[in-house]
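# My questions are about this predicted structure, shown below with the sequence.
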Amino acid sequence: MINSTVELPEALSETSGLFCEADFLYSVNDSGNAPIIYQANYQGDIVEQIKLALTNKDWEAITGDATSFYIADVGNNRGTREQVEIHKVNRRNVNDIVSITLKYAGNDASNNIPYAHDFDSEAMVKYADELLLFSKSWRTGITHIYRVNEAETVQTISPFASIKGLPGVVTGVDFDKRRNKFVITGYKSDPFGNFSTFMAHVSTSFSLLDVWPLKQFKQVEGVCVDNEGFYWFSEEATEDRKASLSRATAKPK
């Protein structure tokens, strides 16, 4: 059930990821935008802009822990990228950045069909001590889960688990510690600008538990869980909608 929705500022019109902490949320914009982490309050107001010495090829997710932010420069809708990157940013010194280069096992960019391949991702979460990447599987509809080794700056990744049965591609993920399950958001879209947006619960063994629609929303891009157990999700601006930030209860009614 949706509790509230507010418009996001123009600076976050292409919001593509969301990370919750006690007092603030953090978001980034996607391809071609400035390399900035936006800190916002829970009313959707930007309170700080953290500019990084990076290039935003296609930032699609942000997560974090007590010491670091993790930014996923992994957008690959067209399938043309042979490799993607995750940037680990020291929260005490944002000039201290370690970039991890990822190659998908089996990815041959010359053979990929735009919007019809599985070597894409828009969702990442720091879960316990693991950094997990969730695929945006256009071709098969089966979401693949990858484990990223923070100790290796160049690595080839293969899925260790998969999620079947989701009604569209995955664009955001977080872990709900209170309920011990993952919360996922995503959508199914068509060339005419129609979106069928959803939220889902997934178990720690990556079994699909339940799915419910977000009927009045379109291009939802990020989701996170706050300290009280509420779910927050961000929506990128589309032709007829402003970018937005919404709060929802954890389970639909």
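Thanks, I have the structure now.
# Helix or strand with the lowest mean pLDDT in this structure?
strand 2-7 (a mean of 93; mean pLDDT, DSSP states H and E).
# Next secondary structure element downstream of that one?
Sequence-wise, the next helix or strand downstream of strand 2-7 (DSSP states H and E) is strand 15-20.
# would you put the C-alpha positions of that next one in CSV?
What follows is strand 15-20, C-alpha atoms only, in CSV (Å, rounded to 0.1, in the frame of the first residue of the first chain):
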residue,chain,number,x,y,z
THR,A,15,17.1,8.9,-10.7
SER,A,16,18.4,5.3,-11.2
GLY,A,17,19.1,3.9,-7.7
LEU,A,18,18.2,4.4,-4.1
PHE,A,19,20.0,3.7,-0.8
CYS,A,20,18.3,4.3,2.6
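# residues contacting Ser137?
Counting by CB atoms under 8 Å, 6 or more residues apart in numbering, Ser137 touches 118, 120, 143-144, 169-170. Using the backbone N, CA and C atoms, a C-beta is placed for each residue, glycine as well.
# what's the answer for Ser31, then?
56-59, 75.
# so which of the contacts of Ser137 would you say is closest to Ile97?
Closest approach to Ile97 among the contacts of Ser137 (CB to CB): Asp120, at 23.6 Å.
# quick one: pLDDT of that closest one?
On pLDDT, Asp120 comes in at 98.
# same deal with the one 10 residues further on?
Note for Glu130: predicted pLDDT of 97.
# Tell me, how many residues neighbour it?
When counting by other CB atoms under 10 Å, one arrives at 11 neighbours for Glu130.
# Same question for Asp190.
8.
# what separates it from Ser27, distance-wise?
As judged by CB to CB, to the nearest Å, Asp190 and Ser27 stand 26 Å apart.
# what's the answer for Glu60, then?
Separation of Glu60 from Ser27 (CB to CB): 11 Å.
# Give the intersection of the neighbour lists for the two.
Here Glu60 and Ser27 share the contacting residues 16-17, scored by CB under 8 Å, 6+ apart.
# Can you say which helix or strand has Val98 in it?
Secondary structure assignment for Val98, by DSSP H and E: strand 97-104.
# what residues does that strand touch?
Here strand 97-104 has contacts from 52-54, 74, 82-90, 119, 133, 146, 148, 150, 152-158, using CB under 8 Å, 6+ apart.
# phi, psi of Val89?
Per-residue torsions, Val89: phi -110, psi 120 (degrees, to the nearest 10).
# which residues does the nearest residue to it once chain neighbours are set aside bridge with?
Here the nearest residue to Val89 in space, its sequence neighbours aside, is Phe69; by CB to CB, 6 or more residues apart in numbering that works out to 4.3 Å. Assessed by DSSP bridges, Phe69 has beta-bridge partners Gly64, Val89.
# heads up, I number from 85, so please use that
Will do, 85 is the new start, and the previous item becomes Phe153.
# Phe153 touches Ser111, doesn't it?
No - judged on CB atoms under 8 Å, Phe153 makes no contact with Ser111 at a distance of 11.3 Å.
# hey, what's in contact with both of these two?
Contacts common to Phe153 and Ser111, judged by CB under 8 Å, 6+ apart, are 103, 121, 146.
# Same list (those residues) but as CSV, adding pLDDT and distance to Gly313.
Compiled in CSV, the shared contacts of Phe153 and Ser111 are given as follows (pLDDT from 0 to 100; distance: CB to CB, whole Å):
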residue, pLDDT, distance to Gly313
Phe103, 98, 16
Ile121, 98, 24
Ile146, 98, 20
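# Report the separation between Ala156 and Lys302.
From Ala156 to Lys302 the distance is 22 Å (CB to CB).
# who has more neighbours, the two?
Comparing Ala156 with Lys302 by other CB under 10 Å, the one with more neighbours is Ala156, at 28 against 20.
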